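Q: any chance you can model this:
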Amino acid sequence: MMVDQPMGANGIVHAAGGYGPPGGGYPPGGGYGGPPPGGAPPGGGYGGPPPGAPPGGGYGGPPPGGFGGPPPGNFGPPGGPFPPPAMGPGGDVNTTLPLVLSIIAGTLCCCFPLGIGGLVYSLQANTAKKMGDMATAQSKAKTALIMAIVGMVGGVITFTVLGVIQAMQNS
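A: So this is what the prediction gives:
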């Protein structure tokens, strides 16, 4: 069957073909792909330079100074001649681990005295670290860590002994 006029799915013959009103829809001759009604500005659109930008576009050249090239003889072996950055006297103090372990010892392992003591010491270590007293922070964090570990081990031993006693009573 030969069709000399394009026909839409609803059986209406369209002069422009396909779907939509005759003439191609709104705006006439335009649509999403056409130029704006007043014409396109020079150099506009996506990817073009914004109005008032310097000629050439892009981000320009590298910043002044820069990092330069690699050092003479390339970078050297891993752990090369550069010393690691110094952390200060005593290094950085980890106060998060004692805090987390104290919370676990006090809640999950049910060893409240050691868990609460470790929690207090870890908070004191955090305060000393913020004040810049690294020696005090390190000693309090160590005490908190020891209390938390002893509390967790004590809790595990207590639960194991209670479980064995319970199993022996049920037999």
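Q: tell me the SS of residue 140?
A: Under DSSP: H, G, I helix; E, B strand; the rest coil, the three-state class of residue 140 is helix.
Q: and what of residue 52?
A: coil.
Q: go on, residue 93?
A: Three-state call for residue 93 (three-state DSSP): coil.
Q: that one - nearest residue in space that isn't next to it in sequence?
A: Leaving out its chain neighbours, the residue that sits closest to residue 93 by CB to CB, 6 or more residues apart in numbering is residue 137, at 4.4 Å. For every residue, glycine as well, the C-beta is placed using N, CA and C.
Q: check contacts around the one you found.
A: Contact analysis of residue 137 by CB atoms under 8 Å, 6 or more residues apart in numbering lists 93, 95, 125, 126, 128, 129.
Q: correct me, but the fifth one touches residue 143?
A: Translated: residue 128. No - using CB atoms under 8 Å, residue 128 is not in contact with residue 143; the gap is 11.7 Å.
Q: excluding sequence neighbours, find me the nearest residue to residue 126.
A: Among residues not flanking residue 126 along the chain, residue 95 sits closest, at 4.3 Å (CB to CB, 6+ apart).
Q: now do the contacts for that neighbour.
A: 122, 125, 126, 129, 137, 141.
Q: which intervals of this protein have sub-threshold pLDDT?
A: 1-51, 53-91 (pLDDT under 70).
Q: circling back: so the residue nearest to residue 93 is in which element?
A: Remark: residue 137 resides in helix 134-170, with elements defined by DSSP states H and E.
Q: buried residues in that helix?
A: For helix 134-170, the neighbour count (16 or more other CB atoms under 10 Å) marks 134, 136-141, 143-145, 147-149, 151-152, 154-155 as buried.
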